[in-house]
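S.K.: Quick one, what's the 3D model for this:
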Amino acid sequence: MKNILLLGLLLVSTLSFAKTTSYTTSIVTYKKNVIECRFGQCQATAKSTGKQCKHCVSNSGDKFCFQHK
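M.R.: Predicted structure coming up:
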């Protein structure tokens, strides 16, 4: 009886830990992709990769950073 109780406690604690780990991983991944700019992010797109520029624009109303003006 004692072994069954110990096994049940071990199983519950293992499942609880696994659930917390995956949740934390998804939060870190989400925050990694967020870029905060004061006036907005550059709207230029790379021809070779198709990815958006990660630089911030200098002034309010600008659409492109200093490299893409």
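S.K.: What residue spans form the domains of the chain?
M.R.: Following automatic domain parsing, one gets these domains for the chain: 1-34, 36-69.
S.K.: do you know how far S48 is from M1?
M.R.: Applying Cβ to Cβ, to the nearest Å, the value for S48 to M1 is 66 Å. In this view, the C-beta of every residue, glycine as well, is placed from N, C-alpha and C.
S.K.: and stretch 37-47, how far apart are its ends?
M.R.: 23 Å (Cα to Cα, to the nearest Å).
S.K.: Same question for stretch 37-57.
M.R.: 8 Å.
S.K.: what residues does it touch?
M.R.: Residues outside stretch 37-57 that contact it (Cβ atoms under 8 Å, 6 or more residues apart in numbering): 35, 58-68.
S.K.: export these to a markdown table and tack on pLDDT?
M.R.: Formatted as a markdown table, the contacts of stretch 37-57 follow (pLDDT from 0 to 100):
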| residue | pLDDT |
| --- | --- |
| I35 | 72 |
| S58 | 94 |
| N59 | 94 |
| S60 | 93 |
| G61 | 94 |
| D62 | 95 |
| K63 | 95 |
| F64 | 96 |
| C65 | 94 |
| F66 | 94 |
| Q67 | 93 |
| H68 | 93 |
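S.K.: Most neighbours out of these, which is it?
M.R.: C65 (19 neighbours; other Cβ atoms under 10 Å).
S.K.: what's near enough to touch it?
M.R.: 42, 44, 53, 55-58.
S.K.: For those, which ChimeraX command selects only the ones that are buried?
M.R.: One line in ChimeraX is enough to select the buried ones among the contacts of C65; burial here means 16 or more other Cβ atoms under 10 Å:
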select :42,53,55,56,57
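S.K.: Nearest to L5 among the contacts of C65?
M.R.: L5 has its nearest neighbour among the contacts of C65 in C56, at 57.5 Å by Cβ to Cβ.
S.K.: circling back to that earlier point, where among the domains of the chain is average confidence lowest?
M.R.: Per-stretch mean pLDDT for the domains of the chain is lowest at domain 1-34 (a mean of 57).
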